[in-house]
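Asks: the sequence and its predicted three-dimensional model are supplied below.
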Amino acid sequence: MTLYRFRGSVPPSPRASIVTVADDDTTATLRLYDPIDSWGGEWGVSAKEFAAALDALPVGVERIVVQINSPGGEVWEGLAITNQLRRHPATVTAVVDGIAASAASFIAVGGADRVVMGRNAQLMIHDAWGMCMGNAADMRELGDRLDKISDNIASIYAERAGGDVSAWRAAMLRETWYNADEAVAAGLAVDVEDVQPADDARASFDLAAFRHAGRNAAPSPVLPAAASVEYDGHRDPVRRRQQTRARGHRA
């Protein structure tokens, strides 16, 4: 039997990984409903494909809504997508429609100006994974590299929600799952959207690769100290990008 990452025995769908909906000339929606994978195509969403989707948006777009239902995937592809969203002049809102786990969680948390959890949605953070073939020195080197990568990811959560990087790293080491309300309480999101997700947002992923197969199978989440302030009239985390962006790029 052939097994597929995050899909078990179910082969990848031939449908497009990124769906773009042009709401009008100034607002657009991108749906990220697959794993994050450098192969792209049927296997998931690559940074190259996501960049092409952003490039195809109207020049005058002022607001982008990124709807997310993804179990995550490759760290560097995820970081590239995060930085593409950070760099875009439009205001970005991430809406977790189903699940934002692993790399998908830091795309949402790090790439958006505002993060909203869909009703009954989940978010998961964990330490980076890697594989190594070699001697003991090679494996120790991989361990050191994974520590640096995970510390880097922890800084994304800390920038969004406040608290120490070390506290977020500890939560990652435990593989922490948050339901919608818990994600808001932790400072990773600002609100829970009371809208029923679309059918394709409830697509099933095989979570057996993780320590816990979803929030219901996980212990109560760690909630590192969250720091929130008033931003544009809403309770929203401080983000350096919001403070440093040139005013000419956004209202």
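Replies: Looks like it arrived, so ask away.
Asks: any idea how far residue 96 is from residue 55?
Replies: 24 Å (CB to CB, to the nearest Å). Any C-beta I mention is one placed from the backbone N, CA and C, and that applies to glycine too.
Asks: okay, those two: which has more neighbours?
Replies: Using other CB atoms under 10 Å, the more surrounded residue of residue 96 and residue 55 is residue 96, with 32 against 8.
Asks: tell me the contacts of the more buried one?
Replies: 68-69, 108, 115-118, 121-123, 180, 183, 189 (CB atoms under 8 Å, 6 or more residues apart in numbering).
Asks: my guess is it is in a strand, correct?
Replies: Yes: looking at residue 96 with DSSP: H, G, I helix; E, B strand; the rest coil, it is inside a strand.
Asks: what about residue 221, how many neighbours?
Replies: Counted with other CB under 10 Å, residue 221 comes out at 21.
Asks: ok, now residue 192?
Replies: Per other CB under 10 Å, the neighbour tally for residue 192 reads 18.
Asks: sketch out the low-pLDDT regions of the stretch 1-150 of the chain for me.
Replies: Applying pLDDT under 70 to the stretch 1-150 of the chain flags residues 1-24.
Asks: can you confirm residue 29 is in a strand?
Replies: Yes: counting by three-state DSSP, residue 29 is part of a strand.
Asks: so it is in contact with residue 63, correct?
Replies: No: with contacts counted by CB atoms under 8 Å, residue 29 stays clear of residue 63, the gap being 9.4 Å.
Asks: the helices in the stretch 101-250 of the chain, which residues?
Replies: Taking DSSP state H, counting those that start in this stretch to define them, one finds helices in the stretch 101-250 of the chain at 103-111, 136-161, 165-173, 180-185, 240-244.
Asks: tabulate these (CSV), appending distance to residue 78 and mean neighbour count.
Replies: What follows is the helices of the stretch 101-250 of the chain, written out as CSV (distance: least, CB to CB, whole Å; neighbours: other CB atoms under 10 Å):
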stretch, distance to residue 78, mean neighbour count
helix 103-111, 3, 27
helix 136-161, 9, 16
helix 165-173, 14, 19
helix 180-185, 18, 20
helix 240-244, 17, 11
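Asks: okay if I get these as a markdown table plus distance to residue 75?
Replies: Output for those, formatted as a markdown table (distance: least, CB to CB, whole Å):
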| stretch | distance to residue 75 |
| --- | --- |
| helix 103-111 | 6 |
| helix 136-161 | 6 |
| helix 165-173 | 12 |
| helix 180-185 | 21 |
| helix 240-244 | 20 |
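Asks: indicate which one of the ones you listed is closest to residue 44.
Replies: Across the helices of the stretch 101-250 of the chain, residue 44 has its closest neighbour in helix 103-111 (10.2 Å, CB to CB).
Asks: CA atoms of the closest one as CSV?
Replies: Extracted in CSV, the C-alpha atoms of helix 103-111 (Å, rounded to 0.1, in the frame of the first residue of the first chain):
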residue,chain,number,x,y,z
ALA,A,103,4.3,25.4,9.0
ALA,A,104,0.8,26.5,8.2
SER,A,105,0.6,28.0,11.8
PHE,A,106,3.5,30.3,11.4
ILE,A,107,2.4,31.3,7.9
ALA,A,108,-0.9,32.5,9.6
VAL,A,109,0.8,34.0,12.6
GLY,A,110,3.8,35.6,10.9
GLY,A,111,2.5,36.5,7.5
